[in-house]
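Peer 1: no sequence for this one, just the structure:
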């Protein structure tokens, strides 16, 4: 009962669906990128920590693992991971600006472009260094 | 009932503050982490190089502990929103699972930092 009351507003909102115009706006795709990259990073983090801790306990194992990561396919996967991290960070900073500085319709596409540029720039720098 | 609504609203406000606060910390941490990764990969990534960097100064382990703590707060709160809005999963069982996820991240991350810097 209490939970129903608490979620009443959310549920009435949930019943509505964005129409095609909302889904063609760049901000919608920024929302999708933020969600998908966030889920990916949340799944990756525990594996990252466990593998790192295990491998460091046995340096030879870590070096063997690092050699394995020099394969082109692994480098592509690592670059995509850096892209996801940078995109989540840059998109998140945009959201913090929207929430705490203010939302201006005319500046949104510029902010989205900047966030995309930062994310792609980080991924490119990593790919060139790898 | 009014008290329950007030408690829920207070919890939601705390989740908002923690999510955005940890996001601000993570933004700085990710910039440093990505820059370090690019530098490290460019100069040859080896186990010795990683361990040497972590032992060079106490600032690196401290930085990574802050990074891990912020991620342990931020990720479960983000997952909570996604499973609520996209899967319709909510309630005490979901919150309990996400608290476990937060402690898993905090534990595994702190352990990794400890092993690297120890």
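Peer 2: Cool, got the structure. Being a predicted model, the structure only gives us computed values, none of them experimental. Numbers count the residues shown, from 1 in each chain, chains lettered A, B, ... in the order given.

Peer 1: CA atoms for contacts and neighbours, from now on please.
Peer 2: Will do.

Peer 1: Just give me how far stretch A:65-72 sits from the chain centre.
Peer 2: Distance of stretch A:65-72 from its chain centroid, counting by Cα atoms, centre = their mean, to the nearest Å, is 24 Å.

Peer 1: pLDDT of that stretch, averaged?
Peer 2: Averaged across stretch A:65-72, the pLDDT comes to 86.

Peer 1: cool, and stretch A:29-42?
Peer 2: 97.

Peer 1: just stretch B:86-106 next, same as before
Peer 2: Here the average pLDDT along stretch B:86-106 is 97.

Peer 1: Please enumerate the helices of chain A.
Peer 2: Under the criterion DSSP state H, chain A contains helices at A:2-6, A:8-14, A:20-24, A:26-57, A:59-68, A:72-100, A:105-129.

Peer 1: If you count neighbours, what's buried in the longest one?
Peer 2: Going by neighbour count (16 or more other Cα atoms under 10 Å in any protein chain shown), the buried part of helix A:26-57 is A:27, A:30, A:33-35, A:37-39, A:41-42, A:45-46, A:49-53, A:55-56.

Peer 1: and that helix, what does it pack onto?
Peer 2: Judged by 3 or more Cα pairs under 8 Å, 6 or more residues apart in numbering or on different chains; DSSP states H and E, the packing partners of helix A:26-57 are helix A:59-68, helix A:72-100, helix A:105-129, helix B:59-87, helix B:92-117.

Peer 1: now the ones you listed in a markdown table, with distance to residue B:43?
Peer 2: As requested, the helices and strands packed on helix A:26-57 are exported to a markdown table (distance: least, Cα to Cα, whole Å):
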| stretch | distance to residue B:43 |
| --- | --- |
| helix A:59-68 | 13 |
| helix A:72-100 | 16 |
| helix A:105-129 | 9 |
| helix B:59-87 | 18 |
| helix B:92-117 | 19 |
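
Peer 1: Figure out which of these is closest to residue B:53.
Peer 2: helix B:59-87 (7.6 Å; Cα to Cα).

Peer 1: Is that closest one in proximity to chain A?
Peer 2: Yes: using Cα under 8 Å from any Cα of the partner chain, helix B:59-87 reaches chain A at B:75-76, B:78-79, B:82.

Peer 1: Report the inter-axis angle for that helix versus helix A:26-57.
Peer 2: In terms of direction (axes from the mean of the first three to the mean of the last three Cα atoms, to 10 degrees), helix B:59-87 departs from helix A:26-57 by 130 degrees.
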